[in-house]
Structure formats: structure tokens, C-alpha cells
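Peer 1: Curious how this folds, go ahead:
(2 chains)
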Protein chains: 2
Amino acid sequence: MAQKELSFLRKAMKQYHIDWYLIPTDDYHLSEYVGDYFKAREWISGFSGSAGVLVAGLEEAVLFTDGRYFVQAEKELKDSGITLMRSGMEGVPTLEEYLADKIQDGKTFAFDGRVVSALQAKGIEEAFNQAGKNVTTKDVDLITDIWEDRPTRSCQKAFLLEEKYAGESRKSKLIRLREQMEKKKAKGHVIGSLDDIAWLYDIRGGDVECSPLVLSYAYITMEEAFLFIQKDAVTKEVSEELARDGISIENYDAIYDFLKTRKEESVLLYEGNVNTRILKSLSSKVKKINALNPTTELKAIKNPTEIANLKKCHIKDGVALTRFMYKIKTSFEQNKDAGNKKEIEQITEAKAAKYLDGLRLQTEGCVDLSFPTIAAFGSNGAMMHYSAKEEESARLEPGSFFLVDSGGQYYEGTTDVTRTMALGEISPEKKKHFTAVVRGMLNLMGARFLEGCKGVNLDILAREPMWEMDIDYRCGTGHGVGYFLNVHEGPNAIRWRSRPDLSDCELKAGMITTDEPGIYLTDEYGIRIENELLCVEGTKNEYGQFLQFETITFAPIDLDGIDPSFMNQKEKESLNEYHRQVYEKISPFLSEEERQWLKRYTRPIK
Amino acid sequence: MAQKELSFLRKAMKQYHIDWYLIPTDDYHLSEYVGDYFKAREWISGFSGSAGVLVAGLEEAVLFTDGRYFVQAEKELKDSGITLMRSGMEGVPTLEEYLADKIQDGKTFAFDGRVVSALQAKGIEEAFNQAGKNVTTKDVDLITDIWEDRPTRSCQKAFLLEEKYAGESRKSKLIRLREQMEKKKAKGHVIGSLDDIAWLYDIRGGDVECSPLVLSYAYITMEEAFLFIQKDAVTKEVSEELARDGISIENYDAIYDFLKTRKEESVLLYEGNVNTRILKSLSSKVKKINALNPTTELKAIKNPTEIANLKKCHIKDGVALTRFMYKIKTSFEQNKDAGNKKEIEQITEAKAAKYLDGLRLQTEGCVDLSFPTIAAFGSNGAMMHYSAKEEESARLEPGSFFLVDSGGQYYEGTTDVTRTMALGEISPEKKKHFTAVVRGMLNLMGARFLEGCKGVNLDILAREPMWEMDIDYRCGTGHGVGYFLNVHEGPNAIRWRSRPDLSDCELKAGMITTDEPGIYLTDEYGIRIENELLCVEGTKNEYGQFLQFETITFAPIDLDGIDPSFMNQKEKESLNEYHRQVYEKISPFLSEEERQWLKRYTRPIK
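Peer 2: Predicted coordinates for the structure are as follows:
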């Protein structure tokens, strides 16, 4: 049986003579996380994960999501009348294959052209053509009419990031961007991605949960620069300072009409992150140059100011996390000693997360979390992006793992860190798995490689300990991280499969990428250890420029989960050296009791 | 000062009003190794390496070659008036960039269209266009006229490979090829690559040194199959048997005129291995489908008969190599004991190679070497594809390495194996390097990975021990190997850089790839250890199909080069297990003395 919301949608579809309607997870900027105003897919399907596409026909409906969300989606879609499509699994069609196969000749297919990327719209169109299907595709917003209690569109005040944090002026960034535009022979450039705009204009806000973004678009020519932004989000001071740097403010929703009037002979845009209505708004006379936004590459390489700030904020962040780990681990130790089961029963995932969030948000300079904290006990940890709802939150108990993935937004950067703790005594099998994950993390951290290497070259260093046991984690090993921006930010990433929708990016000095292998056993447990790695230069010699990683995340790794007999000498030394640094950097900010605990908790292993 | 041959070429260029002439290393089939008839680049430049492109202007000339040949080319080009272009090094333009930059507007550029691939010709054309240069490009053979003592074109008798060796009938192969053609919507298919033709028609010959190839072209439609071959190469028996399988014989040189007459609406050809004259011979009305020859992928996956045969021939081959190693190693040991320096001085690289070649060619079923044996002492080993000329051949002396890369052509397969031996006592630094190479080889050999992995994913397993020391080997880690065919055969390969001219091929069960990391220190020494790995299926579970490698090469690895303190337990166990198998498989075919030596030489290390 379909839910009430789905029936509203179908009613609207019939009214507009639409046979199939597609609702992705995106906002107008194809952001990874979106404001509540844009959560139409969740509203209709009930599935709350951060990635997934709903396709509704008049009789049937499916939801595509990826391996991170299989378990969660299965739960949340129960009795919704929506079938789960497990993307990437054997025999499961891609979204495009599904549409081309399912939608019959002569039917009408629609979506809101502001929430579908130009790339995806093209891909679907191509799939229909290849299947020889004559399908009418329309750009229609059906959601606004039917969603009565829709949250209002966020319109937080935007603020400017000072140069002591940004490390580079707006003017300098515009010069570098225009150099890149010139190289690509682009006279104009439209940017739809909020992180690119925030970086370019040194502007931050609060329109997306946990991401200091401002709903906006940008258009840049060789002489002009425009910022399309909700009028109420801009103060006089902000608009004056931007004007001094040659940036004109326009109304947020005016972008489409504005683009229709542009006369630049060539416009650079990245089909992967501008919506299809933007592309269609440009005159057919304009030559469209489809290439990654130059800002994406420019901002991925952190400047010396950003790097210095990041190192500071990661220590502060590590102190909060270490205090949290102290609390959790010692409450289990004390319990063990005292035989007092009561206290443990009182710790739930949600309470633990709240405690950690509190510690982090109290930290000086911390503006927000960088994503909703994942605090997952036991089998909940097998859901890669589990989010504990207060009322269903599991209690922590001895004998399994507690996985906590969290991070903060600071003026001095964005953090993302995962620690998995063994609660009480755990089985030898669990220790073997935990040790494998730690080994993978350490092996990637210790990589030394030549410039020119991409994530696909390095991924196996982290993954091999799992593959050796015929286990895989169904996701990449690491992602880029923004500076006081998105917690997932390309183009750098570490994964083993090339992804045609993402440019396979060479790792460069100054880039920050996470290192987060894991093991996820459905209905059993999840283990993930995640540090952030700064890519730095090593030796340069006749073979080229060598690169290596400097870890910037500092928090202990639970030795209670480790069986050293599975580690080789190099891995042990690497862990011991990491723990030495953790103690050195974190202990000065702890209480005496915490410090003593950390000393023991980071002891060298043999 | 230009050489005599270069001056002949320039005279011909002037006569034909050609300003720039390009001479690659290829034959009409873009083969890796070519018959003497086709060695025009070597004849003119004096550079004898197996890869390189000569570009001659009227005033200047350059030769492009890759890292394997820098040292050798430098030597051989001395005083030739030809400048060496080190491809891949910083600041060195690509061939296309060089041509587009160098050749001025209005000039005429030419090459023999039979020895330049369609892909390369297109690339050069594009480079001229992008540079806005108006250059006339001509397909002219200038070599035949000027090369007076040119060797005759090889025309060895072709023979058919029995099904007990091939494991699949011609008819079955044609069915599978036509299925693939249908998938690609190709009505016709022209094959220029000799290994593809040899595999498809189960035909072998001797037109290329060390490769059992027959100079030929093939053209296949849904109903017909043609073999273009030199008339004198075909016996009545061969032509009758081919006719029984529906294959018509045509004259070798008639291919171009034949293609002009074809009416198939679509023709599959791979621009990377058909020459540009072939492409230009097809009518402009024919739709050209540029894709890897299906046969390339089909033949890379060895069938069970081929695999069983290969395992047999590798043991025979390993026996020959082990006997050779016994001889070299013991003569140095004896010398050490007896203080007899005389015998050592008498062993030269060339003598050693000759001795090994003799042992191999005496082996039952061995038809030929699979490439000229590389026997390189000390600093000669730093030249990756060094070939010892008898008169300049170095003497083996204690204190350095002797690198021997060799292989055989058997009815039961093609082998390729490298061993590096430590002669006498070597320095700790040399041992450290040798151990790193062995570790890299073992680590790749032990890989376990999911189906879908490509060479770019695995390369770092072999390379990391070198990168850890800020050393690189400037080539891939491994290449595919044919079955009684080419010793280098794609599409599978293990390298870290994606190569746009080669399809990035997924590793599949049944493929054979070499595992040959190395260290090459110019003017010092070279170390390489090379085994062949058969890709086999491992566990299949919810994560997918796991794959792993089975080593099929068996010959000892010199423990005198190894310092176990650089190896972890897993690496030591892996080496010990490999040596256990070497002894088990090779020892039954040795003399008592050899067997005792092998026992000691393959002892477990701790």
C-alpha cells in the first residue's frame, strides 16, 4: 500500500498528465546534504538517507540507493509500497536502464529541472533514445502544490570569512579563476555548487544543516562577477564589502532569467553540478564548455594559512573526541570492576551522541557539527550512515562495537573522524576484524607514492586486509574534505573503481582526504576507523616528485579491539608512533584523570 | 654530423618535396617486434631498441624513446646528429606536441602509411589542427628506394596449431568473434594485428624474430573469412584445411585494394593496431567502429587446455633456467673456495646467454626463444632491455648482480621469466634493494581482490617497497603473455598510470600477467624478478567474485641477495612456500648434484 504522500503525488501526476515522476535527493545546487525545504523524496518515501532517487509511476514506485543505505532503506521503506533498488548490486539496473526499460512509448516523464543535474537529465534522455523510446520529458515542479506543511526555504544571514581564516583574498581567487577560464577559452562561467561559491567569495552561512553554505548561484565573466542570493540573507556590510571586490548582488531566483540574456560566446559549466534548468536557460548560441569548475580544483589544495588553521582545529576536535572516548570506555571499565550493570544500561546511542556533540560544540571556534553524528552500537554500526533517533536508540552493552563518526565546523576548518570502541570483552573474530581495519588505515596512511597517482592507485593499501579475508566495504576508502565547508568535497577521493561521473583526480600536495576503511556485517556489527590525511611533498629526484601523507586527526584507537598477532612490525610501529603523537598533542588539554587514562590507552604495543 | 643513411633519406625527402619524415619502429601490423625488413628506423638512426620513433627534418632529427631505452639510446645515438627525446620526462614534449610545434605552416610532412597506426596518424593530424598549422600530410614510402642492402621480407612457411594445443577449434573461435561483432553492430571486421590473426585461425609461422607470427591480414564478415598471406608461405595442406573451416586465402599485398571494394555498411577495426592506409582504404560510406579487436580479449582468457599446457611448459622452462642458475652460481662459489679467478673471467654475458639459450632450445617442445635473452651484468642491468653483443659483452665478476630475462616459445605456450643473481659477496645496500624487489614481487603475487579490479588498482602492491625508498622503476609492473604467441600481449597489464591508448582492462580469471618489479640504477646495477601469474577465481560471496593469482613460473630466487631483516613474516612465508613449490616441481628433472644445490638454494628463511 502506498503512503498518503505518494497518493498526493499521483493525484498531481494525473492532473498534469504525467505518467512517471522522478524525485532525487537534491536541492537546486545538487548539494550532498540539503535543507529541509528540499527533502521531498524523504517526505514522500519515508526514507531518510542522504542519497537516493525515487521514481514514481501511477501504479508502482521504486527507490534507488547505494550500499551505505541498504539496511536503513529496507527498514524505512517497509509497507510504503516502494520497492528498494540496490544500486551497484548484481542484476540491479541503473536508474537510466530502469527508466528506459520501464517507461513505455508515448508516455510522459517529468521532474523539477532545478533538482536534477544537467548530466543526469542528459543521461536519461540518452537512455530513452538508445532504447528507441519516444518519451516526452517535462520540467515541472509537482511538489510545491502538494506539500502543505513544507518547511520554509532557509534564509540564514550570510557572513564573510576573514582572510586570517581563508588565507587568500577574493580578488586573488577571482584572478586565479579567470586564468583558468581563459585556459579553457570560456568567456563566462556559471557556478551552481554552493561550496565553490562559498570558497570563491569567502562567504559562509547556514542554509544547509551542518554545512556553512549560502543558497546562491554565481556568474563570472572576465570583467564582472555576480552573486545570486536571497535578499534577506545579505546585510548591508556584506554587500558593500563584496561590491568593493567587484561582486554584484542579484536576486537568488533571478538566475534563470538572467542566464537567458547572457551574450558571452562561451560559458563554462560543469554538467555534474549545475541543474538542467540552468543549462537550458542559456541561449543555444552560447557554446557550453562542460568541465569541472576550476574552483573545485583550486579549493581542494589548501593554502598554508588553511593548513596551519586546520592543524589547530583538529587538535581541539581531537580533545573533544578523546574526552568522549574516555567517558564511554571508563564507564564500561568501572562497570566491569564494580559489577554495576545499571549505568551501562543508561547509555544509549542518542545520549552518547548528544554528549559528544555537546563537548564538540563547547570547543572554542566550533560553529556547528559537520554532519549529524553517527553513533551506532552493534548491528546498527553495519548501516554505514545510521542515524540514531532518540526514541529507538539502542543501549550500549558489553561484547560488541560502538562506532562513532562525527565532525565539527570551525572557522579553522572542517573535521571528520570515526572511532570504533570495543565495549567490554569482545570475541577473537571481532578483534581480527577490528585489527584488519586498523591495518588498512595505517597502510594507506604510510603510503609513499609518485605525483601523478590517483585514488584508484592507492585504495588497495587500505582495502587489502579486508579483501584477504574475502570481505569488502562497499564504498570508497576516502573523500576530500572542505575548509569550513562541505565535509565531503571533491575532486580528490580514494576509491578503487573509477567513477565516470567524477574526474579521476591526481592527488596533490595540500589536498586533504579521509582514510576510512571498515567492515560492515549486516545484523552483526560495523567497524570503521577514519583519519584525515594531508598530502605533503616528499623527496624530489630523478624519478619525480614523491608524495606522502601527514595525519592531521588525533584521537586514540582502541587497543582493546586489537590483536597484535595479526599485525606486522611495521604496522605496530606505525600505530605506536601515531599513538605517541596523539598523547603528545591531546594530553595537554585533558584533566589529570583523563591524561592518565590516555597514557595507558595509547601505550605502545608489541 | 648526420650519418650516411640519414643523408640518403634527406636526399629522397628533397626529391619528393617532403620537409619532415617520420619513421616509427613498426611493421605493417604495428607489431612490437618486427622482422629485419622493417627495421628502417634502426638502419637510419643506429638505435637498436625495440621502441622509438625517428623524426627527420632537412636540418635536424630527433628520436623519441621511453625509459627502458634512455641509456642505450644515448650510447647508440652518439655522433649520429640525432637528438634523443626522453619520452615521459619532465619538459619533454610528446611526439605530437613536437611535430605541431616544429613543423611550420605550409610544410609537407610524410610517412609510410603502412607503418603508422590509424590512431597515431589521427593524433598527429589533430595536433596540427589544434596548433592551427596548415601542414600537408602524405603517405609515401621513401625507404624502399634508398635502402639498397635491405633484408628481404620474411616469408616462412605457415603451419597450423593442433587443437590439443589450441584448446578450441577455428570454427568455434569464428562463432565467438561473430557474436562480438554482432554486439558491436559490425558487419565486417578487419584485423591487422598478427597475434589476433594467429589466434583466430590457429596459424603460426616464423616471420618475426622470436614470435611465431605470419605476416598477414584478416577480414571477417558474418558469412566469410579471409586470410591475406604471402603465397609462398602457404602449403597446399594448410590452405585446404583453412578452406574446410570456411577461410579463403588472398594475397598479402592485395588487402588495400580488397578493402576499397568492400560494401559492408559497418566495419569494426581498432585504430590502435591497424595502419592508417587500411583505414583510408575503406570507403567513406562504410561506418568505422573503432574498438579493441574482440579477439584480443577472447585470447587473453586462456582456456583449460591452454592452461594445462602452460603449466607443463613452465616447469620444463624452469628446469632449463634452474640448471643455468646452478651453473652460474656454483662457478662463483667454487671460485670463492678455490681462489681460482680464471674461470669467472671467462664467463661473459654473451656466453652465459648462449648457454641458457642452448639449455632452453634443447628442451622438448621448445620451438624458439620468446625474445632475445637479456643477460646483463652490473651496470648493464640498469638498461632494461639491454642486449649483449658478443664483442662488447661484459665479464661476470663478483660483487654485483647478473640480471637474466629470458623465455621460450613452446607448442604448450610462451614463457617470460627474469632472475637476478648476486655474484659473490654483495653490499648491504644491494641486498636491501634486491630484497625490496623480491618483496614487491611477492606482495603482488599474494594479492586478493574483487572482480572489476584493473592493473592500476594492483600496481602499488609491487611498487611500494621501491617507492618507500624514493626509487621508481620507470615502466609497468607486468604485461599479458600470449599462448605460443607474443611475449607481450594485451589487453591485461599491471601499471599505475592509465594509458589512454590502451583499454584499461579488468583482470579476469584465465588471464596471464607478469609480475616484474625492479630497480635500475644508471651506471650501477639493475635488479628484476619476474614471474608469470595466472588469475584464478577465489571465493564468491555477497561482496562479489574474489580473484587471486596462481604463480606458474618456477625457478629459485637468489637467497644470497636477500636480507631477511627487511621482510615481514608474511613475506618470508610467501617466499618459503614459493621455494617449496620450486623444489617440488623442478627437482625431479635435475641431476643429483643440481638437486642438492637446489635444495640448499631454496631453503626456508627465517
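Peer 1: The residue of the stretch 1-150 of chain A found nearest chain B - nearest residue in space that isn't next to it in sequence?
Peer 2: Residue of the stretch 1-150 of chain A nearest chain B, by Cβ to the nearest Cβ: residue A:90 (7.6 Å). In this view, the C-beta of every residue, glycine as well, is placed from N, C-alpha and C. Excluding its sequence neighbours, the residue lying closest to residue A:90 (Cβ to Cβ, 6 or more residues apart in numbering or on different chains) is residue B:544, at 7.6 Å.
Peer 1: Look up phi and psi at that neighbour.
Peer 2: Reported as degrees, to the nearest 10, the phi and psi values for residue B:544 are phi 130, psi -170.
Peer 1: Which strands or helices does the longest strand seen in chain A pack on?
Peer 2: If you go by DSSP state E, chain A has its longest strand at strand A:531-541. Counting contacts by 3 or more Cβ pairs under 8 Å, 6 or more residues apart in numbering or on different chains; DSSP states H and E, strand A:531-541 packs against helix A:304-338, helix A:428-445, strand A:512-515, strand A:544-551.
Peer 1: for the stretch 1-150 of chain A, what spans make up the strands?
Peer 2: Here the stretch 1-150 of chain A has its strands, by DSSP state E, counting those that start in this stretch, at A:20-23, A:53-57, A:61-65, A:82-86, A:108-111, A:136-139.
Peer 1: In CSV: those, plus distance to residue A:368.
Peer 2: Output for the strands of the stretch 1-150 of chain A, formatted as CSV (distance: least, Cβ to Cβ, whole Å):
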stretch, distance to residue A:368
strand A:20-23, 27
strand A:53-57, 28
strand A:61-65, 26
strand A:82-86, 32
strand A:108-111, 31
strand A:136-139, 34
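Peer 1: pLDDT of the helix or strand harbouring residue A:457, averaged?
Peer 2: Using DSSP states H and E, the element containing residue A:457 is helix A:455-467. Predicted confidence along helix A:455-467 averages 97 (mean pLDDT).
Peer 1: Just after it, pick out the following helix or strand.
Peer 2: Assigned by DSSP H and E, the successor of helix A:455-467 is strand A:478-479.
Peer 1: picking up where we left off before, buried ones in the longest strand of chain A?
Peer 2: For strand A:531-541, the neighbour count (16 or more other Cβ atoms under 10 Å in any protein chain shown) marks A:531-535, A:538 as buried.
Peer 1: Could you do stretch A:549-569 as well?
Peer 2: A:549, A:551-562, A:566-568.
Peer 1: Return the residues in contact with residue A:201.
Peer 2: Taking Cβ atoms under 8 Å, 6 or more residues apart in numbering or on different chains, we find residue A:201 in contact with A:170, A:218, A:227, A:242, A:247.
Peer 1: Which one (most neighbours) among these?
Peer 2: residue A:218 (27 neighbours; other Cβ atoms under 10 Å in any protein chain shown).
Peer 1: For it, which non-adjacent residue is closest in space?
Peer 2: Using Cβ to Cβ, 6+ apart, the nearest residue to residue A:218 is residue A:191, at 4.2 Å.
Peer 1: Distance of that neighbour relative to residue A:262?
Peer 2: 14 Å (Cβ to Cβ, to the nearest Å).
Peer 1: more crowded one of these two?
Peer 2: residue A:191 (31 against 17).
Peer 1: Quick check: residue A:231 vs residue A:253, distance?
Peer 2: Applying Cβ to Cβ to residue A:231 and residue A:253 gives a distance of 10 Å.
Peer 1: For these two, work out which one has more neighbours and name it.
Peer 2: A direct count of neighbours by other Cβ under 10 Å for residue A:231 and residue A:253 places residue A:253 higher, at 14 against 11.
Peer 1: which residues touch that one?
Peer 2: residue A:228.
Peer 1: Then residue A:6?
Peer 2: A:44-45, A:56, A:61, A:80-82.
Peer 1: quick revisit: include mean pLDDT and mean neighbour count when you put the strands of the stretch 1-150 of chain A into CSV, please.
Peer 2: Formatted as CSV, the strands of the stretch 1-150 of chain A follow (pLDDT from 0 to 100; neighbours: other Cβ atoms under 10 Å in any protein chain shown):
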stretch, mean pLDDT, mean neighbour count
strand A:20-23, 98, 24
strand A:53-57, 96, 22
strand A:61-65, 96, 23
strand A:82-86, 96, 19
strand A:108-111, 98, 21
strand A:136-139, 96, 15
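Peer 1: For residue B:487, which of the ones you listed is the nearest?
Peer 2: strand A:82-86 (43.4 Å; Cβ to Cβ).
Peer 1: ok, back up a step: got the phi and psi for the residue of the stretch 1-150 of chain A closest to chain B?
Peer 2: phi -50, psi 130.
Peer 1: Mind pulling the model confidence for it?
Peer 2: 85.
Peer 1: can you list the residues of the stretch 451-600 of chain A near chain B?
Peer 2: A:452-454, A:456-461, A:464, A:467-468, A:470-472, A:474, A:496-498, A:504, A:538-539, A:541, A:543-544, A:546, A:568-570 (Cβ under 8 Å from any Cβ of the partner chain).
Peer 1: Please repeat the previous calculation with a cut-off of 7 Å.
Peer 2: A:452-453, A:456-461, A:467-468, A:470-472, A:496-497, A:538-539, A:541, A:543-544, A:546, A:568-570 (Cβ under 7 Å from any Cβ of the partner chain).
Peer 1: quick one: pLDDT of the closest residue to residue A:398 other than its chain neighbours?
Peer 2: Excluding its sequence neighbours, the residue lying closest to residue A:398 (Cβ to Cβ, 6+ apart) is residue A:424, at 2.4 Å. Here the pLDDT value assigned to residue A:424 is 94.
Peer 1: How about the one 4 residues further on?
Peer 2: Residue A:428 is assigned a predicted lDDT (pLDDT) of 97.
Peer 1: Compute the number of surrounding residues for it.
Peer 2: 8.
Peer 1: Just give the nearest non-adjacent residue to it, would you?
Peer 2: residue A:563 (6.9 Å).
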